[in-house]
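Q: predicted model follows, preceded by the sequence.
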Amino acid sequence: MTQPIFLVGPRACGKTTVGDALAQATGFTCIDTDHWLAAHTGMTVAEIVEKEGWDGFRRRESEALRAVTAASTVIATGGGMVLSEANRQFMREHGVVIYLSAPAHVLASRLAAVPEPGQRPTLTGKTIIDEVAEVLAERETLYRAAAHHVVDAAGERDAIVTRALAALHLAQAS
């Protein structure tokens, strides 16, 4: 298999961490769209949002998705990448999409443990657990609609990678 692997899911589900380990396990390269965007704009996600608003950021995010899509690449997308129907369709048509699913309390715990305000600006202005629960409820259907495979991402990195590799093996057998 050489087609791109897109990892989707909410903040703190492990897209970048799992993406790096999955890339190492497959011999692929891992690219995080938020990191790529920051490197190419010279601004953090929070700075882009402050300067251009969420609409400007979402436009840039969609451009980044297309720019980084290549064979033998694991692409860790931003949590809101699935908000665009065009992005969901693009990922499904150009690679294998894995939704890293985890409950809101796990995501909130991870965010509280490693806060990254420059990379993770608040979406609602609410407390971490309230924001995570609200955003997850709004996007759950979109993550599932984009995904070819849903992988439980509530545990440790190595277990998540093992589950993702098993899902990819199933994709190869099809």
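A: Cool, got the structure.
Q: mind checking how far Ala23 is from Lys51?
A: Relative to Lys51, Ala23 is positioned 31 Å away (C-beta to C-beta, to the nearest Å). Where C-beta positions appear, they are placed from N, C-alpha and C, glycine not excepted.
Q: of these two, give the one with the bigger neighbour count.
A: Applying other C-beta atoms under 10 Å to Ala23 and Lys51 shows that Ala23 carries more neighbours, namely 20 against 11.
Q: tell me the secondary structure at the more buried one.
A: When classified by DSSP: H, G, I helix; E, B strand; the rest coil, Ala23 comes out as helix.
Q: quick one: it and Thr17 touch, right?
A: No: assessed by C-beta atoms under 8 Å, Ala23 is found out of contact with Thr17, at 11.1 Å.
Q: show me what counts as buried in stretch 160-170.
A: Within stretch 160-170, the residues that qualify as buried are 160-161, 163-164, 167-168, counting by 16 or more other C-beta atoms under 10 Å.
Q: from these, which ones fall inside helices?
A: Among the buried residues of stretch 160-170, DSSP state H puts 160-161, 163-164, 167-168 in helices.
Q: would you format those as JSON lines with distance to Ile129 included?
A: Converted to JSON lines, these look like this (distance: C-beta to C-beta, whole Å):
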{"residue": "Ile160", "distance to Ile129": "22"}
{"residue": "Val161", "distance to Ile129": "27"}
{"residue": "Arg163", "distance to Ile129": "25"}
{"residue": "Ala164", "distance to Ile129": "26"}
{"residue": "Ala167", "distance to Ile129": "29"}
{"residue": "Leu168", "distance to Ile129": "32"}
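Q: could you report the neighbour count for His105?
A: Neighbour count of His105, defined by other C-beta under 10 Å: 12.
Q: who's in contact with the helix or strand hosting Asp55?
A: Assigned by DSSP states H and E, Asp55 belongs to helix 45-68. Applying C-beta atoms under 8 Å, 6 or more residues apart in numbering, the set of residues contacting helix 45-68 from outside is 31, 33-34, 36-38, 40-41, 43, 75, 77-78, 80-81, 83-84, 86-87, 90-91, 117-121.
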